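Asker: structure for this input, please:
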Amino acid sequence: MAVINTIASKSAGCGGEAINTGDLGCDISFGLVIHALGFAKGTVIGKNTELTLSVIEALVQKGEIIPIMDAFSSEPTMSEDTLETSPLGVEALTLKGLPKYSLTMKKGQQYYKEMAKLTGFGNINYVLGDVNGNWKFAVDGNGDFTGFTAGQTLAAITTPATATETEKKTFTFQLTDRTQIDSTYAVVEAANAFPISSITGVNGLQFSFADANGLVIPTAGDTTLKVKAVLSSDRITDIEGLVLADFNTSAGTISAISDDGNGFYTLTVSALSTGLLTVKTKDSTLGTDVIANSNVLFKSNLLSATVA
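Answerer: Coordinates of the predicted model:
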């Protein structure tokens, strides 16, 4: 991988036979937008940062980037520049047009619920990703890389299924800074870094107190917690491979963990006292409830029970 400032607006190479039209160098093109990274206000990638998947994943874990990936269809629209004409027939620009991107997603109910939380005005900026995995960043006055300034973000009402089409939800955002759009931006080709399509969003986990025999309610004096982990999206897909560092509990330090298979875990803790007990995912290094496990991001519910 390379420092982002050294690969931005750099062609990954020319292909095919030369056509002598007089333009020197390799053109850097940007295709149809089907991915977007929502950047929280103030989030930037420093110009001397090495652009790697781990760098982006850490920002996703901390909630500074929200991946909106793999649109089923995409429809960019552009408002036209507005001109006024003097009595002498001289035209003058009065209003610059702005682009709007509509990404239609075919994902499922949990995804649609999360999308609805993004509706707002001026709350998120966007880095764009095209069908070839290339990136398009806005570049700020310091030369750092960030998202394009956006106005309205709208997760439209879910379109119901018909006899011939499946259910979908369209996510729309308008970019509002014409200077960024026209000139203060940079394209990073996938071949010079990694495809933007490699980035994934956070998957919800549903924790419950259970083992293979059913519900296990913690009681005072217990030194183990039995926890079941499944995906929130379907409540049936078992999540295996979690490790001790992925868990956090109000019971204190977890001294050991056993992966019992099929999404069941046994956490060893100090003897439980009466009162409220909680368990959740936690990345203590980053200080976030989102964990990275084998390059997949997860965040659990806050599992709670009253210990009697």
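Asker: quick check, Thr52 in contact with Phe194.
Answerer: Yes. Thr52 is in contact with Phe194 according to CB atoms under 8 Å; the separation is 7.3 Å. Using the backbone N, CA and C atoms, a C-beta is placed for each residue, glycine as well.
Asker: of these two, who's got more company?
Answerer: Higher neighbour count among Thr52 and Phe194: Phe194, with 17 against 14, using other CB atoms under 10 Å.
Asker: show the pLDDT at that one.
Answerer: Here, the pLDDT recorded for Phe194 equals 88.
Asker: pretty sure it is in a helix, no?
Answerer: No. The assignment for Phe194, made by DSSP: H, G, I helix; E, B strand; the rest coil, is coil rather than a helix.
Asker: any figure for the gap between the residue nearest to it when sequence neighbours are not counted and Asn134?
Answerer: Sequence neighbours aside, Leu53 is the residue nearest to Phe194 in space, at 5.7 Å (criterion: CB to CB, 6 or more residues apart in numbering). Leu53 sits 15 Å away from Asn134 when distances are taken as CB to CB, to the nearest Å.
Asker: and the two? which has more neighbours close in?
Answerer: Neighbours per residue (other CB under 10 Å) separate Leu53 from Asn134, with Asn134 holding more: 25 against 15.
Asker: OK, contacts around that one?
Answerer: Counting by CB atoms under 8 Å, 6 or more residues apart in numbering, Asn134 makes contact with 30-31, 187-190, 195-196.
Asker: name only those of those residues that count as buried.
Answerer: Buried members of the contacts of Asn134, scored by 16 or more other CB atoms under 10 Å, are 30, 187-190, 195-196.
Asker: what residue spans form the domains of this structure?
Answerer: Per automatic domain parsing, the structural domains of the chain span 4-10+28-83+94-198, 202-307.
Asker: so the closest residue to Leu59 other than its chain neighbours versus Thr43, what's the distance?
Answerer: The shortest distance from Leu59 to any non-neighbouring residue, by CB to CB, 6+ apart, is to Ile65 (4.3 Å). According to CB to CB, Ile65 stands 7 Å off from Thr43.
Asker: pull out the buried positions in the strand or helix carrying Asp260.
Answerer: Under the criterion of DSSP states H and E, Asp260 resides in strand 256-261. Within strand 256-261, the residues that qualify as buried by neighbour count (16+ other CB under 10 Å) are Ile257.
Asker: so what are the sheet partners of it and their directions?
Answerer: strand 264-268 (antiparallel) (DSSP bridges).
Asker: just the CA coordinates for the partner strand, please, in CSV.
Answerer: Output in CSV follows, covering the C-alpha atoms of strand 264-268 (Å, rounded to 0.1, in the frame of the first residue of the first chain):
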residue,chain,number,x,y,z
PHE,A,264,-22.4,-20.7,22.3
TYR,A,265,-19.8,-19.3,24.6
THR,A,266,-18.9,-19.8,28.2
LEU,A,267,-17.3,-16.7,29.9
THR,A,268,-15.4,-17.3,33.2
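Asker: rounded mean pLDDT for that strand, please.
Answerer: Computed over strand 264-268, the average pLDDT equals 96.
Asker: check which residues of the next helix-or-strand element following that strand are buried.
Answerer: Sequence-wise, the next helix or strand downstream of strand 264-268 (DSSP H and E) is strand 275-281. For strand 275-281, burial by neighbour count (16+ other CB under 10 Å) applies to 277, 279-281.
Asker: next, the angle from strand 275-281 to strand 264-268.
Answerer: Going by axes from the mean of the first three to the mean of the last three CA atoms, to 10 degrees, strand 275-281 is angled at 120 degrees with respect to strand 264-268.
Asker: so where do the strands sit in the stretch 151-300 of the chain?
Answerer: Using DSSP state E, counting those that start in this stretch, the strands of the stretch 151-300 of the chain run over residues 169-175, 185-188, 202-211, 214-215, 224-231, 247-249, 256-261, 264-268, 275-281, 290-293, 296-300.
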